[in-house]
Structure formats: C-alpha cells, structure tokens
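*Asks:* Based on what follows, work out the 3D shape:
(2 chains)
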Amino acid sequence: MPDSEYYLKNWDILKKQLEDFKKFLIHLHGFSELFGHSIVYLFTRPFYLRDILVQMHSIGVRSLVIVLLTAGFTGLVMALQSGYEMAVYGAKMYVGTLVSVSLVRELGPVLTSLVVAGRVGAGITAEIGSMNVTEQIDAMRALGTNPVKKLASTRFIAITIMLPILTIIGDATGIFGGLVISVSSLGISAPFYWMTVLRALTLNDFLAGLIKPFVFAMTISTVSCYMGFTAKGGTKGVGEATTRSVVVSSILIFFLDFLITKFILSVS
Amino acid sequence: MNKDQRYIIGFQDVHKSFEENHVLQGLNLSIFEGETLVILGRSGCGKSVTLKILLGLIYPDVGQVFVDGEEITQVPEKRMFSIRQKFGMLFQGSALFDSMKVKDNVAFALHEHTKKSEKEIIDIVKRNLEFVDLAGTEELMPSELSGGMRKRVALARAMAYQPKIMLYDEPTTGLDPITATTINALIRKTQRELGVTSIVVTHELESGFSVANRVAVISEGKIIEIGSIDEIKNSQNEFVKTFIAGPK
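*Replies:* Next up, the predicted model:
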C-alpha cells in the first residue's frame, strides 16, 4: 500500500501541473486579448499613419534582400534536385510545374514567414521587451498613450500588409531561380518553362498562397508583441523572450500551414 | 498647510500583493493640492507601487484611490488614459524612449494629445529644455546623455504637457551629490514656478527633506507617520527614529 508520503508527492506534482495549466490559460487570454486589441485599435483614433509607414519600411523593404536570397536559392536548388531526379523518369521538362506549385502553395509562404519571424519578429520582441524592462512602456502609459495601440497595432497592420507582398516577390524570385537552372543546366527553353509554370498554377494556388502569409503575419505580429510586453527580468529576460518568440512563431507557422492546407484541400 | 486647501489625491485602505508579497497593507494617505509630499521608506516597502497605483499602471487588490475627486480603481482603461494626462512622472531610471531624439521625447505627449503646430511644439520643447538647463540638446539621442542629463530630460518630458500633479520616483538615486542637488533644486523650481502638486518617493533623507512641504514615512505597507519636516524629525515612532538616525 502506498504511504501518505506517496500521496503528498503526487499531490504536489498535480498542484504544479494545475499551476502550469493556469499560467497557460492566462497567457492564452493575454495573447487573445492582444490579438483582438491590435485589430480593434486600428479603427480608433489616433491612427499613427507615420508609425505604420515606418514599420512597413522596416519590416518590408529591409527584409527584401533576405527574402530574395532565400526564395532565389530555394528555386535554384529545387530545379537542380528535381531536374536530375525527374530526368530518370523522362519528366525533366515539367520542372517548372514542380517548382512553381511547390513555391506558390507551400514553400513561398512558409519560408518567407519563417525568415520574417526570425528577422522582424525577433526584432519586435527585443525592442518592446527592452522598452518593458526599462519602464519605457510604463512611461508611455504614464504620458497618456496606449502602448498596445502605438506599438502593437502599427506593427500588426504593417506585417499583415507587407508579408503577403514579400511572399509574392519571393514566389516570383524562386520561380525565376528555377528558370535559370532549367535554361542553363537542364536544356529546357525559357518559353516552355513559362508555359509549364502558367499551366500548373490555378486560382486556388494563388488564393492559398495569399491566405497563408496573411494568417502567418497576424501570428508573427501577435506572438512577437506579446512576448515583448510580457518580458521580465532585465536583459536576460529579453533574450529569453526573443528566443521564445521565434520558436513559438515558427511552430505556429508550421501548425497553421497544415490546418490551412487541409482546409483548402477539403474545400476545393 | 492652509485649512482651505483641498485634497487632490486620496488613498483609502489600499492593499496590494504580488503573489506571497503583501506590499501595501492598508495604505491611507491624502495629498493637498499644490503641496510637495515626500514619501520616505526603505527600499521595497511599496513606495514605487504607490505611485504606479496612482497612475493606474497597476491596480490595487482592495481599497479606493481618488484623483481630483474621481475614484480611479474602477474606471475603464480608456478613461484612465485621459486621467493619466493630469500626471507627469519622473521614473527612477528616467525611462526615456531610446529610439527617439531628446526633442521627440520631450514632445511626445504634445504630439500625441494636442493639435499644436510643429513650430509651437518646438517652442515648448525649447522652453522646457531651458527650464532644466539643457538648451541645445534637442538633436541628441538618450544614449549620448549622462545619468543626470537623462533625469533632466525626463523631467522636461514630464512637464511638457503641463500636468497638475508631478510624481518623482527616487529622483536622485544613483546620482552624484552635485547632480542630486541640481535635481532637487529643479523639483523645488517646478513647484514654485508651475504650482503643481508633487509627490516624491525616496529613501534618501537629505533629498526628501530638501524638497518637502510634508513628509510621510511608509513601513510594512502603511503610512506610520505623516507631518511637517520638524514633526518627522522629532517623531517618537521607533521606526522613524531609526530611519532618520540610522541603525545604532
């Protein structure tokens, strides 16, 4: 028979698990509240148009090079790998189909979002987190300004506008990368490559390719702002929050990608 | 204090805990309009929490807080943002916005809450920076300033919107004696020339006594003594005597 110590020990474990679950629910509530406020505050005065433009520049324009490089190399490597494999089955000329469908449906949105989560999301958490631990957020509230509206809503709308645009640019760059390899290494003519690309892509692909970055953008923005606003414990806490922000955003991107893909396939 | 003076701030039986730590344990305090009240106490006794409750940055667990006749613990956050505009707060670490120049820090509330032209705002910024003896620093970034200069810019920022009530959280902590004297002189100048109500929380006796009209001593989350500087210096309360004379 287990003795009283055994029950006490199990009770302590259960208590700790309940505490952890309570914390999780508190975070979930805070996260949902921030998400809701980020949207609602977009429609109330003041509108912070200048701040939104600054963020669009910082998030969009300054992420362009890394998005171009990521998507471009992905297109190059995909065409190379698939070209030689498909040649075995005599399907080399359909490299354009494979590259374009993979990029527009999946790799474009996911890779671009991961790059933005790493570059922009981490930056947002670090900035808001530093402001939080040095009382700058409190100072902003003390000066009568709502920090969620000033910092989170502006970043929310900026990412939500810029990420789909970056994704489209990334998709185009990747497909262009595929063209370069097809023409230079696989002996496929440029007009034929473009024909396979255009024939392969459907309206559903474009819709899926745009819905995904739109949803991912809202996720990255809310996660990175939430992690910043809840950062505690000085610079160490900010560092931990930044890491957590990138990890949580990345996991949610993969998870949401699966859900959206499943939803789109079931609808179409 | 003159009997005709009205109270502008009141705390009634305010309690606040952070997990196991019961910081405020029934705080009762009233502050007259136009006075400078210094709240003295040891580090971690709830002085800064008192200021943050007053600004609605944190909410008390129990009790009521009145600002200018309005009970603030139950008001919605949106209303709280307008109530906060009555306050100017000098934070312990200055809390200047790192990403903004000095002039943008000082002009922050003006850009946010007024429709003043850029020229008017620049004039106000210059006037406030001159007030704290930092004319010509408009284009500098906070990282280019010394600790004392940061405090003075933070003071200029807090005053720019012409608040009715100024709150100072440990205004001289971590500063050298000469800079601390300058900050104390600025606190007196602010009260004298602008007539604002001021609350200064500090654990530094000399600094507190040099700016106070009245002094309140806080210990274990309660005000244990309140009165003029002389009354506090002659207090028979054991904690107050030890706090002023230092441990034997």
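
*Asks:* Next one: A:N146, what pLDDT does it get?
*Replies:* Looking at A:N146, its pLDDT stands at 91.

*Asks:* same thing with B:M80?
*Replies:* pLDDT recorded at B:M80 is 87.

*Asks:* hang on, it is in a helix, isn't it?
*Replies:* Yes. Secondary structure of B:M80 (DSSP: H, G, I helix; E, B strand; the rest coil): part of a helix.

*Asks:* All the helices of the stretch 51-200 of chain A, in order from the start?
*Replies:* A:64-88, A:95-102, A:108-116, A:122-133, A:136-142, A:147, A:154-184, A:190-200 (DSSP state H, counting those that start in this stretch).

*Asks:* okay, the angle between the longest one and helix A:190-200?
*Replies:* Interaxial angle, helix A:154-184 versus helix A:190-200 (axes from the mean of the first three to the mean of the last three CA atoms, to 10 degrees): 130 degrees.

*Asks:* Check the offset of helix A:154-184 from the chain's centre.
*Replies:* When C-alpha coordinates are averaged (CA atoms, centre = their mean, to the nearest Å), helix A:154-184 and its chain have centres 13 Å apart.

*Asks:* Look at B:G10 and tell me its secondary structure.
*Replies:* strand.

*Asks:* Comparing the helices of the stretch 51-200 of chain A, which comes out most buried?
*Replies:* A comparison of these by mean neighbour count, using mean count of other CB atoms under 10 Å in any protein chain shown, puts helix A:108-116 on top with a mean of 25. The way it works is simple: take the backbone N, C-alpha and C, and place the C-beta from them, glycine included.

*Asks:* What residues does the stretch 1-150 of chain A have near chain B?
*Replies:* A:46, A:127, A:130-131, A:134-136, A:138-146 (CB under 8 Å from any CB of the partner chain).

*Asks:* Nearest to B:K126, out of the residues you listed: which one, please.
*Replies:* Comparing those against B:K126 with CB to CB picks out A:L143 as the nearest, at 19.2 Å.

*Asks:* wait, isn't A:I220 in contact with A:R119?
*Replies:* No. Between A:I220 and A:R119 there is no contact under CB atoms under 8 Å: 10.3 Å.

*Asks:* of those two, who's got more company?
*Replies:* More crowded of A:I220 and A:R119, by other CB atoms under 10 Å in any protein chain shown: A:I220, with 32 against 16.

*Asks:* Quick one, grab the pLDDT at the more buried one.
*Replies:* 96.

*Asks:* Residue 161: what's it in contact with?
*Replies:* Answering for chain A, as no chain was given. A:I161 sits next to A:M56, A:G60 when contact means CB atoms under 8 Å, 6 or more residues apart in numbering or on different chains.

*Asks:* Not quite, go with chain B.
*Replies:* A:L143, A:G144, B:Q85, B:G88, B:A109, B:L110, B:H113, B:T114.

*Asks:* swap in A:I264?
*Replies:* Taking CB under 8 Å, 6+ apart, one finds A:N204, A:L207, A:A208, A:I211 in contact with A:I264.

*Asks:* Is the first one located within a helix, as I assumed?
*Replies:* If I follow you right, that is A:N204. Yes. Secondary structure of A:N204 (three-state DSSP): part of a helix.

*Asks:* That one and chain B: what is the separation?
*Replies:* From A:N204 across to chain B, the span is 43 Å (CB to the nearest CB, to the nearest Å).

*Asks:* Return the distance of the residue nearest to A:A117 when sequence neighbours are not counted relative to chain B.
*Replies:* Nearest residue to A:A117 in three dimensions, chain neighbours excluded: A:S249, at 3.9 Å (CB to CB, 6 or more residues apart in numbering or on different chains). Distance, A:S249 to chain B, by CB to the nearest CB: 23 Å.

*Asks:* Need the residue closest to the centroid of the chain.
*Replies:* Answering for chain A, as no chain was given. A:S113 (3.4 Å; CA atoms, centre = their mean).

*Asks:* Not quite, go with chain B.
*Replies:* Taking CA atoms, centre = their mean, chain B has its central residue at B:L167, 1.6 Å away.

*Asks:* so who does the residue nearest to B:N213 when sequence neighbours are not counted touch?
*Replies:* Among residues not flanking B:N213 along the chain, B:E35 sits closest, at 4.4 Å (CB to CB, 6+ apart). Counting by CB under 8 Å, 6+ apart, B:E35 makes contact with B:M1, B:Q5, B:T197, B:S198, B:N213, B:R214.

*Asks:* For chain B, just list every one of the strands.
*Replies:* Taking DSSP state E to define them, one finds strands in chain B at B:7-18, B:21-32, B:36-40, B:62-67, B:70-71, B:87-90, B:165-169, B:197-202, B:214-219, B:222-227.
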